[in-house]
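[1] build me a structure from this.
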Amino acid sequence: MISESKPMYFSHSHPLGRFQPLSSHLKAVEKRASQYAKPLALEDEARIAGLLHDIGKYGHLFQERLKGREHGIDHWSIGAWAALMKYKSFGVTAALAIQGHHIGLQKADTDSLRELNPQELLKNHPLGLRLSDPDPDPQHFLNCFENDGLTLPQTLVASVYDRSSLSASAMLDIRMLYSVLVDADFIETEAHFQSENGVNKHYRPDGPALQPGKALPILYDHLQGLGKEHHASEKVFQMRSDLLTACQSAAAANQGIFTLTAPTGAGKTLSMLAFALEHAKAHNLRRVVMVIPYLSIIEQTAHVYRNIFERHFKEEKGEYVLEDHSLAGILDEERKGGDEDDLQRRRNQLAENWDAPIVVTTSVQFLESLFSNRPSACRKLHRLARSVILFDEVQTLPLNLIVPTLATLSHLAERYKSTVVFTTATQPAFTELDSHVRKFCTSGWRPHEIVAPGLKLFSRTKRTIVQWLRADQKTTWDELAESLAACQQVLCVVNLKRHAWQLFDRLQTLTDDGIFHLSTNMCPAHRRVVLEEVRERLNQGRSCRLVSTQCVEAGVDVDFPVVYRALGPMDAIAQAAGRCNRNGRLSTGKVVVFQPDDEQQYPPGVYPQAASVTRLILQEGANQTPDIDDPELFNNYYRYLYSFRDMEHQAKDLVDAIKRLNFVDVAKLYHIIDKVAINVLVPYHDIKYEELKTEAEEQGLTRRWIAQARPYSVGLYSPGKSEQFLDPVPVKYGKLRGESKDWFVYLNKEYYDSARGLVPPSDELLIA
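    The predicted model follows:
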């Protein structure tokens, strides 16, 4: 405040220039939030949230805080309460967004909303903060607001959320308005601080447009080029061509939920992209988001997409395809000497709110953001409206989370006009869960299959013969090692890392020619080198025997003539078979399913039950072996699995939190990866290890250090006794006090093996 006659209120300071007037900031956020909300049909509520989100800054204590004389001030609750008082039940969504724009979305139950009353907060603030004025009368703040020339809409005739909304739908609706507000607020605040003097705001440029009409001919030219130089059999080539045609035809259909079920090696990566671009062109959609479970597939997919498009979209300066995952930007930094140049900074900027035409991201990043309550995670969600969202390898989605996940995605498609595509060779029978999904959103789960049954893609491209051993027949590691040693080129996939090591050790006693191991106890850089050598040997016809855990099964492009697979979930067996005769160059490949002679067969979680369903199917069809090329096999498999899992009571605490609209608890409970792991920098690459170790000691934990360290790190469970094995040193935070609980530098080089990766003495430390 600078004058008694007409006080001046400010929103932000500036290190080199003028403070920003509060009225200017509120107007700017209102305008930008309304703009972001238009594709979501949430303009009215976005305007209200934008205008009220910072009215607590009219308080005396906040103005003192800007001058460095106060701290610990709550400037958001007054605006949330004002929205409730003026718009009653129609103001709930705006109130929650305003309340959470700094502290995260909280709770939407009636008691929690009542606690926003300033008089209650004066008595007991849950965060131990003070309100921004000693006399927090909402009318005082609204009077200041009006004196600054600002006006609220008189009425709000409807809200995206009402108390009759089903829980998953309601939470997504609230998150969407929240996303609009926090992104608009961040962009406007950033523009103020990026200005030279606090007067002329400097905005980041908007991300480029999708331009499907331009992208499609580029994609089709690329596909035509692949056809001329393809190495697959004519049968496989025709299958890929037919899949592409099916995707092109289906793209004209109305928006909604789709499945794309096709054999491994059918070219789904590019065919589903063709569907997405054609669909976006037909329905004027804004972007394509590709969601992939594994980093190895993401890097591969993003590389393919970039090679196709980026030289044709030169004006977008490398922004057309955006990777958003833990390793994004690593290869660029290595290639450019470790300096984060303007392009990489721009990509990091676009990743904050997914303001890019094609986004390639992980299942963890996408789904945990969809169930988050934090501003940084939710900020990107409004970009999903009017988009095509492609999920690859959907059989990897955690079964205990699947009902709320399907419900939220269904509402995203129904209310926000996104199209969702689930693709895999082993399509889960999620339609069986429709009645469960409808308890959380009215639209349920009724997808449309893109590939017509008449194409018979699976039966006409049968590339393998599966040899199923009897369920009671056990195979010792010595017997299995002898069988593998007799093969010139063979892949063996087992269920546990310990099994992979035992088999690898026995195989080494029989031959030293072309033996490899693969598991996630090898850092990503290590796995990449092994896979490159494996592919080279396979292409050259040299001996190659690879023992791997399940990490090789989804999206890893290798083609072995023989594959052995330990008995496990039916979809896992089919995925392993997809690495056999992948390109159809043999008349038939050979897949052998065996059962190890070992007491511990499976990793924890749903895996043992899924394997028991496979065993049940084998017993029921004793006189007729299962046909992994028959999609009906997987319908039956998943129906059994769902009935055994009692889907009504999966993730009970999470479901209860969703029903209570408790955003804090939902965010804590919804995790794609169950157990908390620690990230350990390992000495795979001696020079890089020493560089990163020294940097961690001198500078502490920084974003750049994490980005550089991820390719050379391994995830481990963190039981109390891990310290004795690892001898780890926690990485300290750069400018903050304390030590990281997530990142460690591993000092004992004895346990990192050049072939097997990090080999702890205890299985308790392993992430299966």
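[2] stretch 132-142: which residues count as buried?
    132, 133, 136, 138, 141, 142 (16 or more other C-beta atoms under 10 Å). C-beta: built from backbone N, CA, C; applies to glycine.
[3] could you list the domains of this protein?
    10-194, 212-457, 463-628, 677-765 (automatic domain parsing).
[4] which one of those lies closest to residue 202?
    Among these, the nearest to residue 202 by C-beta to C-beta is domain 10-194 (4.0 Å).
[5] mean confidence (pLDDT) on the closest one, please.
    Mean pLDDT, computed over domain 10-194, is 94.
[6] what does stretch 496-505 give?
    Rounded mean pLDDT across stretch 496-505 is 92.
[7] also stretch 632-647?
    For stretch 632-647, the mean confidence score works out to 84.
[8] start at 678 instead
    Fine by me, first position is 678 from now on; the one you just mentioned is stretch 1309-1324.
[9] what sits up against it?
    1076-1077, 1079-1080, 1103-1107, 1109-1110, 1113, 1247-1248, 1251, 1283, 1286-1287, 1289-1291, 1293-1294, 1303-1304 (C-beta atoms under 8 Å, 6 or more residues apart in numbering).
[10] just stretch 886-893 next, same as before
    Against stretch 886-893 from outside (C-beta under 8 Å, 6+ apart): 951, 954-955, 957-958, 962-965, 986, 989-990, 1034-1035.
[11] for the stretch 978-1127 of the chain, what spans make up the strands?
    998-1001, 1035-1039, 1064-1069, 1096-1101, 1125-1126 (DSSP state E, counting those that start in this stretch).
[12] picking up where we left off before, export the buried residues of stretch 809-819 to TSV and tack on secondary structure and distance to residue 714?
    Putting those into TSV (DSSP: H, G, I helix; E, B strand; the rest coil; distance: C-beta to C-beta, whole Å) gives the following:
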residue	secondary structure	distance to residue 714
809	coil	26
810	coil	30
813	coil	29
815	helix	24
818	helix	24
819	helix	23
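[13] which single one of these is nearest to residue 1143?
    When the buried residues of stretch 809-819 are compared against residue 1143 (criterion: C-beta to C-beta), the nearest one is residue 809, at 68.2 Å.
[14] quick check: closest non-adjacent residue to that closest one.
    residue 736 (2.8 Å; C-beta to C-beta, 6 or more residues apart in numbering).
[15] and the one you found, how many residues sit next to it?
    25 (other C-beta atoms under 10 Å).
[16] how much space between the closest residue to residue 721 other than its chain neighbours and residue 732?
    Spatial nearest neighbour of residue 721, chain neighbours left out: residue 833 (6.0 Å); criterion: C-beta to C-beta, 6+ apart. Residue 833 sits 17 Å away from residue 732, going by C-beta to C-beta, to the nearest Å.
[17] residue 751: how many residues sit nearby?
    Neighbour number of residue 751 under other C-beta under 10 Å is 24.
[18] contacts only, for it.
    For residue 751, the contacting residues are 733, 798, 802, 804, 806, 807, 808, 809, by C-beta under 8 Å, 6+ apart.
[19] give me that answer again for 7 Å
    733, 802, 806, 807, 808, 809 (C-beta atoms under 7 Å, 6 or more residues apart in numbering).
[20] OK, contacts around the last one?
    With contacts defined as C-beta under 7 Å, 6+ apart, residue 809 is in contact with 733, 734, 736, 738, 739, 750, 751, 752, 755.
[21] was I right about the second one contacting residue 750?
    Yep, that's residue 734 we're talking about. No - counting by C-beta atoms under 7 Å, residue 734 does not reach residue 750; the two are 9.0 Å apart.
[22] need the helices for the stretch 778-927 of the chain, in chain order.
    787-791, 795-800, 815-824, 844-871, 889-905, 911-927 (DSSP state H, counting those that start in this stretch).
[23] pull out the buried residues from the longest one.
    Put plainly, it is helix 844-871. 844-869.
[24] so, low pLDDT: which residues of the stretch 928-1077 of the chain?
    Across the stretch 928-1077 of the chain, residues meeting the criterion (pLDDT under 70) sit at 973, 1003-1018.
[25] rerun that using 80 as the cut-off
    The stretch 928-1077 of the chain contains residues with pLDDT under 80 at 942, 971-974, 976-977, 991-995, 1002-1022.
[26] what about the helices in it?
    Using DSSP H, counting those that start in this stretch, helices in the stretch 928-1077 of the chain cover 945-960, 972-986, 1007-1012, 1019-1030, 1040-1047, 1052-1055.
[27] could I get those helices as a markdown table with distance to residue 789 and mean neighbour count?
    A markdown table is the format used below for these (distance: least, C-beta to C-beta, whole Å; neighbours: other C-beta atoms under 10 Å):
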| stretch | distance to residue 789 | mean neighbour count |
| --- | --- | --- |
| helix 945-960 | 39 | 23 |
| helix 972-986 | 38 | 19 |
| helix 1007-1012 | 42 | 14 |
| helix 1019-1030 | 28 | 16 |
| helix 1040-1047 | 22 | 21 |
| helix 1052-1055 | 18 | 20 |
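[28] columns distance to residue 714 on top of these, output as CSV?
    Shown next, in CSV, are those (distance: least, C-beta to C-beta, whole Å):
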stretch, distance to residue 714
helix 945-960, 19
helix 972-986, 29
helix 1007-1012, 34
helix 1019-1030, 14
helix 1040-1047, 18
helix 1052-1055, 14
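[29] for the nearest residue to residue 1094 once chain neighbours are set aside, what are phi and psi?
    Excluding its sequence neighbours, the residue lying closest to residue 1094 (C-beta to C-beta, 6+ apart) is residue 1063, at 5.1 Å. The phi/psi pair for residue 1063 (degrees, to the nearest 10) reads phi 50, psi 50.
[30] now do the same contact list for residue 1063.
    So residue 1063 contacts 716, 962, 963, 1094, 1095 (C-beta under 7 Å, 6+ apart).
[31] ok, now residue 1375?
    Contacts of residue 1375 (C-beta under 7 Å, 6+ apart): none.
[32] how much space between residue 931 and residue 1046?
    27 Å.
[33] next one: residue 1028
    12 Å.
[34] before we move on, back to that, report the buried members of the contacts of residue 751.
    733, 806, 807, 808, 809.
[35] and which of those is nearest to residue 1366?
    residue 806 (43.6 Å).
[36] please name the nearest non-neighbouring residue to the closest one.
    Counting by C-beta to C-beta, 6+ apart, the residue nearest residue 806 is residue 751, at 4.2 Å.
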